[in-house]
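**Student:** no FASTA, just this:
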């Protein structure tokens, strides 16, 4: 067999899953901030990385269970979306079901959507911990559906902490600080050298 055919076969096999993958797929990130002692605000961003739209983001939930130990408050929804709180299941907790009000408001493939926000007394550590009734599921896990809840098999996604990039001004200040440290150290060495002479 020709070597190039083996190489081509290997490339096709390696790329196979992505060549034929289709359907719903997503990722999510969150930021948290303390808004008062014992109260946090969580801001979620949902990214559609699949080939279909997303019309439901059911947060802190999997079919049959709700994971938040306390009910969320001050819930905000992206424009064109609405929310309801769900409760019950083995964890005895709460969840937020966000759905697009019309199919025209669905999250399109390749796009991101911000505005999924709520307040909670759950600490960031509790937010990322296993749920009480289903230890294999984290509190910040969710299911997304192409349109309405249960309109397809859905896809489970776990929100990850967003990476915060420093402001340019902060980076410049840090760089200047390091520069001053280097200059000061150099000056002190020269002064010590001249005093020793």
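**Tutor:** Arrived safely. As the structure is a prediction and not an experimental result, all values here were calculated from the model.
**Student:** From now on I want contacts and neighbour counts done on CA atoms only, so please keep to that.
**Tutor:** Noted.
**Student:** Nearest the geometric middle of the protein, what residue?
**Tutor:** residue 29 (1.4 Å; C-alpha atoms, centre = their mean).
**Student:** okay, and for this structure, where does confidence drop off?
**Tutor:** 1-22, 164-197 (pLDDT under 70).
**Student:** tell me the domain ranges of it?
**Tutor:** 19-161, 166-197 (automatic domain parsing).
**Student:** Please identify the deepest-packed of those.
**Tutor:** domain 19-161 (a mean of 19; mean count of other C-alpha atoms under 10 Å).
**Student:** OK, contacts around the nearest residue to residue 56 once chain neighbours are set aside?
**Tutor:** Leaving aside its sequence neighbours, residue 56 sits nearest to residue 99 (C-alpha to C-alpha, 6 or more residues apart in numbering; 4.4 Å). By C-alpha atoms under 8 Å, 6 or more residues apart in numbering, the contact list for residue 99 reads 55, 56, 57, 58, 81, 82, 83, 147, 148, 149.
**Student:** Quickly list what the residue nearest to the last one when sequence neighbours are not counted is bridged to.
**Tutor:** I take that to be residue 149. The shortest distance from residue 149 to any non-neighbouring residue, by C-alpha to C-alpha, 6+ apart, is to residue 56 (6.0 Å). On the basis of DSSP bridges, residue 56 is bridged to residue 99, residue 145.
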